[in-house]
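*Asks:* below is the structure, and that's it, no one-letter string:
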Ligand SMILES: O=C(CN1CCCCC1)Nc1ccc2c(c1)OCO2
């Protein structure tokens with residue numbers, strides 16, 4: 001069957017309504033992780049705040065997973081942990097009848113203050129699912145056998161809502177060629193080769209990190225530190241600000257187009273310079289959407305890149321594709 005869920009963009013994340021045991025929560029769809037966890041009534045009321053909190057006792061289809069636990073830490077230092085059960089999870093028409101649902105009993109402060117999401121829905125590979133004693137399938141892996149096509153697509157927009165679809169590729173959503181590259185899922189990510197980049201239309205080989213992941217849960221485009229340095233060398237007045245946590249520049253600066261290679265085929269996915277600024281940080285200073293990955297071997301291609309394209313995640317042949325839209 002086909003499924004579509006329309007995430008509500010909120011500056012840095014895309015949220016989609018998910019029904020769990022008949023309770024609806026807004027979850028952050030994250031291809032960079034593989035845990036489905038929710039704010040729960042087990043959290044303190046100060047942690048719950050304005051969030052929707054899942055209450056297993058009110059679900060007639062809830063099944064405990066006795067003795068199981070989970071604990072996750074994300075690349076930005078945020079984290080959560082708790083207990084586990086199974087329930088019916090439905091997104092825009094597709095249903096996983098016995099999906100592992102991770103109940104948060106602890107969440108870090110950035111989740112408490114991010115009132116837009118009531119938890120996460122991981123769309124990475126279950127080898128990085130954190131449930132002990134046994135990792136459990138993601139929602140996508142649970143419904144995969146029932147889908148017409150073993151795929152989901154992400155059509156993220158800047159201001160308007162984006163759309164995730166499961167089970168079909170809506171070819172009216174993109175133009176020209178779908179550039180497909182094989183994915184190496186051994187680290188649990190939608191990871192592919194990326195060894196070249198372009199600045200202002202000139203292509204360079206990347207001497208550092210040689211792979212990248214497609215990560216809808218990350219706002220920024222985190223490239224090899226040398227690549228970020230080379231990019232901002234061409235932005236007048238830019239500097240690496242420890243207080244801002246990355247490269248900043250005068251909002252009036254001319255920002256060149258920036259591109260990153262998707263796969264070893266040669267396709268360079270480009271972001272217009274005018275779409276690179278991520279935020280104003282005050283006093284006419286802007287924070288760039290392209291930043292270094294802090295020296296990790298993997299580059300993280302987040303929403304700054306993905307929102308420029310239509311993305312296809314194929315769990316059947318383990319490939320990633322993007323097309324202009
Ligand atoms: O942590 C994330 C994304 N994460 C998705 C789930 C919600 C909390 C944020 N991205 C990220 C990944 C790697 C990083 C990083 C940030 O900063 C440096 O390295």
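*Replies:* Alright, I've got the coordinates. The structure presented is a predicted model; accordingly, all values stated were derived computationally and were not measured.
*Asks:* how near is whichever residue of the stretch 151-300 of the chain sits closest to the ligand to residue 117?
*Replies:* Nearest to the ligand in the stretch 151-300 of the chain, going by C-beta to the nearest ligand atom, is residue 217, at a distance of 3.3 Å. For the C-beta atoms, the positions are set from N, CA and C on the backbone; glycine is no exception. Residue 217 sits 10 Å away from residue 117, going by C-beta to C-beta, to the nearest Å.
*Asks:* now residue 21
*Replies:* Distance, residue 21 to residue 117, by C-beta to C-beta: 19 Å.
*Asks:* again with residue 256
*Replies:* Computed as C-beta to C-beta, the residue 256 to residue 117 distance reads 33 Å.
*Asks:* give me the more crowded residue out of these two.
*Replies:* residue 117 (24 against 16; other C-beta atoms under 10 Å).
*Asks:* OK, contacts around the more buried one?
*Replies:* 13, 15, 26, 27, 28, 51, 111 (C-beta atoms under 8 Å, 6 or more residues apart in numbering).
*Asks:* which strand or helix spans the second one?
*Replies:* When elements are defined using DSSP states H and E, residue 15 is found to belong to strand 13-20.
*Asks:* what packs against that strand?
*Replies:* strand 3-5, strand 8-10, strand 23-30, strand 79-91 (3 or more C-beta pairs under 8 Å, 6 or more residues apart in numbering; DSSP states H and E).
*Asks:* average pLDDT for the first one, rounded please.
*Replies:* Taken as a whole, strand 3-5 carries a mean pLDDT of 57.
*Asks:* is stretch 234-248 in proximity to the ligand?
*Replies:* No: using C-beta under 6 Å from any ligand atom, stretch 234-248 never reaches the ligand; the gap is at least 9.0 Å.
*Asks:* what residues does the stretch 101-250 of the chain have near the ligand?
*Replies:* 120, 217, 218, 222.
*Asks:* now the last one: phi and psi?
*Replies:* Put plainly, it is residue 222. Phi and psi for residue 222, reported as degrees, to the nearest 10, are phi -100, psi 100.
*Asks:* low-confidence stretches in the stretch 151-300 of the chain?
*Replies:* 159-161 (pLDDT under 70).
*Asks:* make it 50
*Replies:* 160 (pLDDT under 50).
*Asks:* would you list every one of the helices in it?
*Replies:* Assigned by DSSP state H, counting those that start in this stretch, the helices in the stretch 151-300 of the chain fall at 225-232.
*Asks:* could you do the stretch 1-150 of the chain as well?
*Replies:* Counting by DSSP H, counting those that start in this stretch, the helices of the stretch 1-150 of the chain are 45-48, 109-113, 139-143.
*Asks:* quick one on the thing from earlier: show me the contact partners of the strand holding residue 15.
*Replies:* Contact with strand 13-20 is made by 5-9, 24-29, 38, 54, 59, 87-92, 99, 101, 114, 116-117, 121, 154, 156, 162, 164, 216-217, 219, 303, as judged by C-beta under 8 Å, 6+ apart.
*Asks:* the residue of the stretch 151-300 of the chain closest to the ligand contacts residue 27, correct?
*Replies:* No: using C-beta atoms under 8 Å, residue 217 makes no contact with residue 27, being 10.7 Å away.
*Asks:* the residue of the chain found nearest the ligand: how many residues sit nearby?
*Replies:* The ligand sits closest to residue 75 of the chain, with a gap of 2.3 Å, by C-beta to the nearest ligand atom. Other residues near residue 75 come to 16 when the count uses other C-beta under 10 Å.
*Asks:* likewise residue 99?
*Replies:* 24.
*Asks:* any idea what residue 271 is bridged to?
*Replies:* Counting by DSSP bridges, residue 271 is bridged to residue 258.
*Asks:* what's the answer for residue 17, then?
*Replies:* As for beta bridges, residue 17 partners with residue 26 under DSSP bridges.
*Asks:* tell me the contacts of the residue nearest to residue 101 when sequence neighbours are not counted?
*Replies:* Once flanking residues are discounted, residue 101 sits nearest to residue 87: 5.1 Å by C-beta to C-beta, 6 or more residues apart in numbering. Applying C-beta under 8 Å, 6+ apart to residue 87 gives the contacts 20, 21, 56, 59, 61, 62, 63, 98, 99, 101.
*Asks:* closest one to residue 139 out of those residues, please.
*Replies:* Distance to residue 139, by C-beta to C-beta, is smallest for residue 99 among those, at 5.8 Å.
*Asks:* pretty sure the closest one contacts residue 36?
*Replies:* Yes: at 6.7 Å, residue 99 and residue 36 qualify as touching, with contact defined as C-beta under 8 Å.
*Asks:* can you tell me which residues contact the residue of the chain closest to the ligand?
*Replies:* Here residue 75 is in contact with 32, 218, 300 (C-beta under 8 Å, 6+ apart).
*Asks:* how about residue 42?
*Replies:* The contact partners of residue 42, taken as C-beta under 8 Å, 6+ apart, are 82, 83, 103, 104, 105.
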